[in-house]
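In: sequence-free structure coming up:
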């Protein structure tokens with residue numbers, strides 16, 4: 001089995017048409033059909049269901065497609081990295097959520113730059129929900145993301161643990177308190193995070209509200225942290241967010257810790273289970289040293 005067979009298969013799977021796939025690959029349709037038949041013979045099972053009207057992936061084909069994309073992405077990544085090294089430069093692409101930008105990168109990236117001054121560091125702000133797929137496709141080299149991590153092809157470790165804090169309009173009556181008792185939040189207008197975009201932040205807050213039997217009065221649902229803060233700043237309600245947002249507040253917003261044991265959320269460093277270049281290994285070690293220094297807990 002050669003890489004070209006996988007590329008042919010992916011093209012047909014994307015187009016669900018041998019004619020369109022052949023045009024995309026600039027090859028003859030009979031030749032493409034034969035290549036796919038050869039691939040199916042080698043795999044030992046049909047990958048496509050073909051009729052006169054349509055082409056569809058079989059269940060085996062769907063599984064094979066996911067793995068084929070990973071193989072092709074890794075091969076392309078290997079070529080890109082080899083060229084970069086041959087040209088005396090390399091790129092480390094990092095996916096992240098805002099907590100990493102504020103709590104991790106300021107201590108880590110300057111030191112990585114000192115050790116590898118010729119390395120190009122590319123930062124991509126991505127929701128947690130998108131980072132795992134970006135890792136598996138080879139679009140990023142390391143992700144700083146929230147739970148969960150689904151794929152067994154990925155390795156993860158905790159690099160930051162921080163509490164959730166109450167974010168309030170500065171003029172809110174509860175802002176007069178040094179700490180907020182859970183019971184004080186009952187019935188107050190609440191600016192919720194969106195479960196699809198905030199992942200663990202929503203889940204941790206949801207579990208805390210349930211444990212304290214607090215019924216949320218949801219006034220707005222925000223799809224990102226900045227929108228959440230802006231809605232709080234407009235006086236529309238309070239929010240429960242990770243402590244890193246304290247560095248993002250304006251005069252219209254204040255934060256207060258929760259009384260008792262606050263809910264906590266962690267940040268993961270996630271990578272593919274494969275050999276890494278010296279630059280990426282150096283990044284990992286700098287992050288781990290930062291954790292060992294005890295700065296991972298806010």
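Out: On my side now, so go ahead. Given the structure is predicted, the values throughout are model-derived calculations rather than measurements.
In: who does residue 220 form a beta bridge with?
Out: Following DSSP bridges, residue 220 is listed with bridge partners residue 191.
In: tell me the predicted confidence for it.
Out: The predicted local distance difference test score for residue 220 is 95.
In: touching, it and residue 192? I think so.
Out: Yes - taking contact to mean CB atoms under 8 Å, the distance of 7.2 Å between residue 220 and residue 192 places them in contact. C-beta here means a position set from N, CA and C on the backbone, and glycine is covered the same way.
In: ok, these two, which is more surrounded?
Out: It is residue 192, of residue 220 and residue 192, that has more neighbours when counted by other CB atoms under 10 Å, with 21 against 16.
In: thought the more buried one was touching residue 217?
Out: No - contact status for residue 192 versus residue 217: not in contact, 10.1 Å apart, counting by CB under 8 Å.
In: could you measure from residue 40 over to residue 126?
Out: Distance of residue 40 to residue 126, given as CB to CB, to the nearest Å: 36 Å.
In: buried ones in the helix or strand containing residue 143?
Out: Using DSSP states H and E, residue 143 falls within strand 142-145. Going by neighbour count (16 or more other CB atoms under 10 Å), the buried part of strand 142-145 is 142, 143, 144, 145.
In: now these as CSV including pLDDT?
Out: What follows is the buried residues of strand 142-145, written out as CSV (pLDDT from 0 to 100):
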residue, pLDDT
142, 97
143, 97
144, 97
145, 95
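In: tell me how far residue 172 lies from residue 43.
Out: Between residue 172 and residue 43 the computed distance is 62 Å (CB to CB).
In: just residue 153 next, same as before
Out: Taken as CB to CB, the spacing of residue 153 relative to residue 43 amounts to 20 Å.
In: swap in residue 203?
Out: Residue 203 sits at a distance of 39 Å from residue 43 (criterion: CB to CB).
In: next one: residue 168
Out: The spacing between residue 168 and residue 43, counted by CB to CB, is 59 Å.
In: show me how this structure divides into domains.
Out: Following automatic domain parsing, one gets these domains for the chain: 3-82, 86-159+267-292, 160-265.
In: got a list of what residue 9 touches?
Out: Residue 9 makes contacts with 36, 39, 47, 64, 65, 68, as judged by CB atoms under 8 Å, 6 or more residues apart in numbering.
In: mean confidence for stretch 120-130?
Out: What stretch 120-130 shows for mean pLDDT is 90.
In: quick one, helices of the stretch 151-298 of the chain?
Out: Secondary structure of the stretch 151-298 of the chain (DSSP state H, counting those that start in this stretch): helices at 195-198, 200-211, 225-233, 278-292.
In: which of those helices is buried the deepest?
Out: Per residue and on average, the most neighbours among the helices of the stretch 151-298 of the chain fall to helix 225-233, with a mean of 20 (mean count of other CB atoms under 10 Å).
In: list the contacts of it.
Out: Contacting residues not belonging to helix 225-233 are listed as 98, 167-169, 191, 193, 198, 220, 222, 237-239, 241, 245, 248-250, 252-253 [CB under 8 Å, 6+ apart].
In: show the buried residues in those residues.
Out: Of all these considered here, the ones buried according to neighbour count by 16+ other CB under 10 Å are 98, 167-169, 191, 193, 198, 220, 222, 237-239, 241, 245, 249, 253.
In: and residue 87, what pLDDT?
Out: The model reports residue 87 with a pLDDT of 57.
In: again with residue 276
Out: In this prediction, residue 276 carries a pLDDT score of 88.
In: and it, how far from residue 285?
Out: Taking CB to CB as the criterion, residue 276 is separated from residue 285 by 11 Å.
In: what do you get for residue 17?
Out: Summarising the geometry, the distance separating residue 17 from residue 285, computed by CB to CB, is 48 Å.
In: looking at the chain, which helix or strand is least sure?
Out: helix 59-86 (a mean of 80; mean pLDDT, DSSP states H and E).
In: between the longest strand that the chain contains and helix 278-292, how big is the angle?
Out: For the chain, the longest strand by residue count, based on DSSP state E, is strand 154-169. Compare the direction of strand 154-169 with that of helix 278-292 by axes from the mean of the first three to the mean of the last three CA atoms, to 10 degrees and you get 50 degrees.
In: which helices and strands does strand 154-169 pack with?
Out: helix 98-103, helix 128-136, helix 200-211, helix 225-233, strand 239-242, strand 253-256, strand 264-272, helix 278-292 (3 or more CB pairs under 8 Å, 6 or more residues apart in numbering; DSSP states H and E).
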